[in-house]
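# Mind looking at a prediction? Sequence and model below.
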Amino acid sequence: MRFGRPAHPDCTRMDAVLYKAAQRLRLYVSIYFVDLDAVPDFNDMYELHDTQVATMFFFRNRHIQVDVGTGNNNKIDWAMDSTQDFVDIAEVVYRGARKGKGLVVAPSVDYARRRS
């Protein structure tokens, strides 16, 4: 799920990445877009108060945490520029979640340095 404010440039960039990835991941990933201003119920639940864009992963109604090397395993709180990076992370999340893992480690890419 992508949580964000659609008018923000980072949110627009992340949406473009997700749209491109959707076709490649269509067999095992559903992508949802949630406007934080239209649906404020998630703001407290997932600590999204100061966030312009955040991507979180869920599998069978369970939040899957992803270690991308930034220290925050609950969400990816920046806009990715690479569709392939998102596809790689989504594949790792799916494989780990199917095995019952609640925390997965993203492919070894230095996301902290690549953050916008």
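Noted; the coordinates are in hand.

# quick one: buried residues of the one helix or strand Thr12 maps to?
In the assignment (DSSP states H and E), Thr12 maps to helix 9-25. Buried residues in helix 9-25, defined by neighbour count with 16 or more other Cβ atoms under 10 Å: 10-11, 13-15, 17-18, 21, 25. Backbone N, C-alpha and C define where each C-beta goes, glycine included.

# which residues of the chain score low on pLDDT?
Counting by pLDDT under 70, the chain contains low-confidence ranges at 108-116.

# Can you list the residue ranges for helices in it?
Applying DSSP state H to the chain gives helices spanning 9-25, 41-45, 83-98, 111-114.

# Can you redo these as TSV, where the extra columns are distance to Asp77?
As requested, the helices of the chain are exported to TSV (distance: least, Cβ to Cβ, whole Å):
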stretch	distance to Asp77
helix 9-25	10
helix 41-45	13
helix 83-98	14
helix 111-114	11
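
# got the contact list for the most centrally placed residue in the chain?
Geometric centre of the chain, nearest residue: Thr55, 2.5 Å, by Cα atoms, centre = their mean. Contact partners of Thr55, counting by Cβ atoms under 8 Å, 6 or more residues apart in numbering, are 1-3, 14, 18, 75-76, 80, 86.

# Is it possible to get the residues you listed out as TSV so that each row also shows distance to Pro107?
What follows is the contacts of Thr55, written out as TSV (distance: Cβ to Cβ, whole Å):
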residue	distance to Pro107
Met1	21
Arg2	20
Phe3	23
Met14	18
Leu18	18
Lys75	18
Ile76	13
Met80	13
Phe86	11
